[in-house]
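S.K.: give me a 3D structure for the following:
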Amino acid sequence: MKRLLEQFLESEAKGGVLLFFAALFAFALANSPAAGAYFALREVPVAVRFGGFHLEKDLLHFVNDFLMAIFFLLVGLELKRELTTGELREPRRAALAIAAALGGMAVPALLYTALNAGGPGAAGWGVPMATDIAFALGVLALLGKRVPLSLKVFLTALAIVDDLGAVLVIALFYTAKLSVPALLKAGLVYLGLLGLGRLGVRNLAPYLLLGLVLWFFVLKSGIHATVAGVLLAFAIPLATGRKALAVASGPEADPEEAEARLEAIEAEAARAQSPLHRLEHLLHPWVAYGILPVFAFMNAGVALGGLAIGPVALGAFLGLLLGKPLGILAFAYLAVRAGLARLPDGVGWGAILGVGTVAGIGFTMALFIAGLAFSGELLDQAKVGVLSASVVAAVLGSLLLLALRPARQM
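M.R.: Reported below is the predicted structural model:
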């Protein structure tokens, strides 16, 4: 189990590095002579036709509405696994991650609102709420063994709960006018997905096909289409197969028969793995090394020429850089003092502050919510605030963790 967890953290860390360079490349293009070509690329129309079905969007919205739904599907799978078999299953560990995540969402939102209440940027209060798990784990990976595994696990659990909060915020507060007929159709499709699970269907194909239909009706309902990814994740079974393969003990004289038995064992092991685990393992490399870098490239480009920095940029910047660590530290402290939670092994409060600062790397989710809240110059301001806060949070959080040496605390 520990080895699997380390592999997951390593893959997320590498994905974070690729994400950084994709964002840097986009930012450089947007402020270079090639800026016109970059912004024109985002407006290239993408059309999907299947019989009488027709859907057309520009490339930017295709990435944000469709590809990011796959990212949210992975988020939902990780959340369900953590709640069922992972760190969030143990009440006191879950309580620490939940409390820290709530503080890391509430305080940044309040700080942003204090700077933008009543103004044109008021709708962006959700921008500084979420942590980018890939970027944050990438930073911790660079620090190596000076950061204990328990602290990385805490950050992972916190970020997953944080992502759930972001999904709820998107669904409840960044939703256009609802279409009741489309919403009812989405509900019927979801009942079909739940029915597949009740029937014990373990083949992923029916879930994914119905998931595409669910995505379409959620898109048409007015709720952001990415929410369909999380709903689909919670419908996919986590139960493992119970069939055991009997293998005779003792030395095997026939090499060909031994090889055949080995292949049978491998096939049975693959069948025994739950549909949720299979889909999660399938999606991880595509999301980490494909979808998220593409999203970063399409969304991180901001032309700075003539851009006035106002309260939207300041609210996003301070919300992530100050609100995140203060909210995480304060709420985690209150949960521990109340006896509801306990700190991870080998981790002290200085380490929680350091991780809280690293959690100020908002990036993917923050840029995503900014795109839902704003357009035009306000969107560019929000992006500048998010990107600058993420860079400073990465550097400052690393320095804090190095200076405090969390593995030696307590």
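S.K.: how deep is the nearest residue to L340 once chain neighbours are set aside tucked in, by neighbour count?
M.R.: Spatial nearest neighbour of L340, chain neighbours left out: A95 (4.6 Å); criterion: CB to CB, 6 or more residues apart in numbering. All C-beta spots, glycine's among them, are computed from the backbone N, C-alpha and C. A95 has 19 neighbours, counted by other CB atoms under 10 Å.
S.K.: what does the pLDDT read for A95?
M.R.: According to the prediction, A95 has pLDDT 87.
S.K.: quick one: it and A335 touch, right?
M.R.: Yes: shown here, A95 and A335 form a contact pair, counting by CB atoms under 8 Å, at 5.6 Å.
S.K.: next structured bit after the helix or strand of the chain with the lowest mean pLDDT?
M.R.: The helix or strand of the chain with the lowest confidence, counting by mean pLDDT, DSSP states H and E, is helix 255-272 at a mean of 55. The helix or strand immediately downstream of helix 255-272 is helix 275-286, counting by DSSP states H and E.
S.K.: so for that next one, what's the average pLDDT?
M.R.: 82.
S.K.: just stretch 21-29 next, same as before
M.R.: Stretch 21-29 comes out at a mean pLDDT of 86.
S.K.: CA-only coordinates of that stretch in CSV, if you can.
M.R.: Taking Å, rounded to 0.1, in the frame of the first residue of the first chain, the C-alpha atoms of stretch 21-29 are listed here in CSV:
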residue,chain,number,x,y,z
PHE,A,21,6.4,24.5,-18.1
ALA,A,22,3.2,24.4,-20.2
ALA,A,23,2.0,27.5,-18.2
LEU,A,24,5.3,29.2,-18.6
PHE,A,25,5.3,28.6,-22.4
ALA,A,26,1.8,29.9,-22.7
PHE,A,27,2.6,33.1,-20.7
ALA,A,28,5.7,33.6,-22.9
LEU,A,29,3.8,33.3,-26.1
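S.K.: which residues does that stretch contact?
M.R.: With contact meaning CB atoms under 8 Å, 6 or more residues apart in numbering, stretch 21-29 is reached by 35, 37-38, 292-294, 296-302, 363, 387.
S.K.: go with 7 Å
M.R.: 35, 38, 293, 296-297, 300-302 (CB atoms under 7 Å, 6 or more residues apart in numbering).
S.K.: pull the most distant pair out of these.
M.R.: A35 and P293 (19.9 Å; CB to CB).
S.K.: can you pick out the residue with more neighbours from these two?
M.R.: P293 (22 against 15).
S.K.: ok, that one - contacts?
M.R.: 18-19, 22.
S.K.: give me the phi and psi for E56.
M.R.: phi -130, psi 130 (degrees, to the nearest 10).
S.K.: picking up where we left off before, which of the contacts of P293 lies closest to L158?
M.R.: Relative to L158, the closest of these is L19; by CB to CB it sits at 18.7 Å.
S.K.: okay, and the closest one sits in which element?
M.R.: Using DSSP H and E, L19 falls in helix 2-30.
S.K.: which is the next helix or strand following that helix?
M.R.: Following helix 2-30 toward the C-terminus (DSSP H and E): helix 35-42.
S.K.: now what about that next one, what contacts it?
M.R.: So helix 35-42 is contacted by 29-30, 58-60, 298, 301, 303 (CB under 7 Å, 6+ apart).
S.K.: so can I have CSV of these showing neighbour count, secondary structure and distance to L178?
M.R.: Listed next are the contacts of helix 35-42 as CSV, based on neighbours: other CB atoms under 10 Å; DSSP: H, G, I helix; E, B strand; the rest coil; distance: CB to CB, whole Å:
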residue, neighbour count, secondary structure, distance to L178
L29, 20, helix, 37
A30, 19, helix, 35
D58, 14, strand, 24
L59, 16, helix, 27
L60, 18, helix, 24
M298, 22, helix, 27
G301, 22, coil, 32
A303, 15, coil, 35
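S.K.: adding distance to G356, write the residues you listed out as CSV.
M.R.: As requested, those are exported to CSV (distance: CB to CB, whole Å):
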residue, distance to G356
L29, 33
A30, 30
D58, 37
L59, 36
L60, 32
M298, 29
G301, 29
A303, 32
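S.K.: closest one of those residues to L283?
M.R.: Nearest member of the contacts of helix 35-42 to L283, counting by CB to CB, is M298, at 19.4 Å.
S.K.: against L367, how distant is the closest one?
M.R.: 10 Å (CB to CB, to the nearest Å).
S.K.: likewise A34?
M.R.: Distance, A34 to L367, by CB to CB: 21 Å.
S.K.: who has more neighbours out of those two?
M.R.: Applying other CB under 10 Å to A34 and L367 shows that L367 carries more neighbours, namely 26 against 12.
S.K.: who's in contact with that one?
M.R.: 299-300, 383, 386.
S.K.: hmm, which two among those residues are most spread apart?
M.R.: N299 and V386 (9.8 Å).
S.K.: more neighbours, the two?
M.R.: V386 (30 against 25).
S.K.: how about the nearest residue to the more buried one, chain neighbours excluded?
M.R.: A366 is the one closest to V386 (CB to CB, 6+ apart), at 4.4 Å.
S.K.: just checking, next helix/strand downstream of the helix or strand hosting that neighbour?
M.R.: Counting by DSSP H and E, the element that carries A366 is helix 363-373. Going down the chain from helix 363-373, the next helix or strand is helix 376-404, by DSSP H and E.
S.K.: can you list the buried residues in that following helix?
M.R.: Within helix 376-404, the residues that count as buried by 16 or more other CB atoms under 10 Å are 378-394, 396-398, 400-401, 404.
S.K.: what is the rounded mean pLDDT of it?
M.R.: For helix 376-404, the mean confidence score works out to 88.
S.K.: appreciated, that's everything.
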